[in-house]
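J.: Coordinates for the following, if possible.
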Amino acid sequence: MKQRDIQIGRVYITKVSGQLSRVRIDSDSFYGGWNGTNLETGKKVRIKSPARLRFEYRPAAKAESKQSGQGSGSGAHNSPETPKTTPTSNGSPNKAQA
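T.: Numbers count the residues shown, from 1 in each chain. As a prediction, this is how the structure comes out:
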């Protein structure tokens, strides 16, 4: 990322200790870079360069509107069920006897 793209208060996916983590940028660091909080551990971290920031974290939007009845009117398509299969003695899948 570019330094001009970083905003205080936003959450970014960041490489911390060799792992990708969610980090909230809390403030600019006096020594350069940013002070932040690792949201998975709660520890304070210092981001020295924008190269550690991968991209801004955006939580996945829930599909509530699709499941709340705004479909075609028929409730049969909201929860398709796939048949369960179990392997037979020869290794090929067979429908489970339920």
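J.: From now on I want contacts and neighbour counts done on CA atoms only, so please keep to that.
T.: OK.
J.: Flag the shaky bits of this protein, pLDDT-wise.
T.: Under the criterion pLDDT under 70, the flagged ranges of the chain are 62-98.
J.: quick one: the helices in it?
T.: For the chain, applying DSSP state H gives helices covering 64-67.
J.: Tell me which stretches of the protein form strands.
T.: 11-16, 19-28, 34-38, 44-47, 53-56, 85-87, 93-95 (DSSP state E).
J.: can those go into a markdown table with extra columns for mean neighbour count?
T.: Compiled in a markdown table, the strands of the chain are given as follows (neighbours: other Cα atoms under 10 Å):
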| stretch | mean neighbour count |
| --- | --- |
| strand 11-16 | 20 |
| strand 19-28 | 19 |
| strand 34-38 | 21 |
| strand 44-47 | 18 |
| strand 53-56 | 18 |
| strand 85-87 | 12 |
| strand 93-95 | 12 |
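J.: okay if I get those as JSON lines plus distance to R4?
T.: Shown next, in JSON lines, are those (distance: least, Cα to Cα, whole Å):
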{"stretch": "strand 11-16", "distance to R4": "14"}
{"stretch": "strand 19-28", "distance to R4": "12"}
{"stretch": "strand 34-38", "distance to R4": "12"}
{"stretch": "strand 44-47", "distance to R4": "14"}
{"stretch": "strand 53-56", "distance to R4": "12"}
{"stretch": "strand 85-87", "distance to R4": "53"}
{"stretch": "strand 93-95", "distance to R4": "55"}
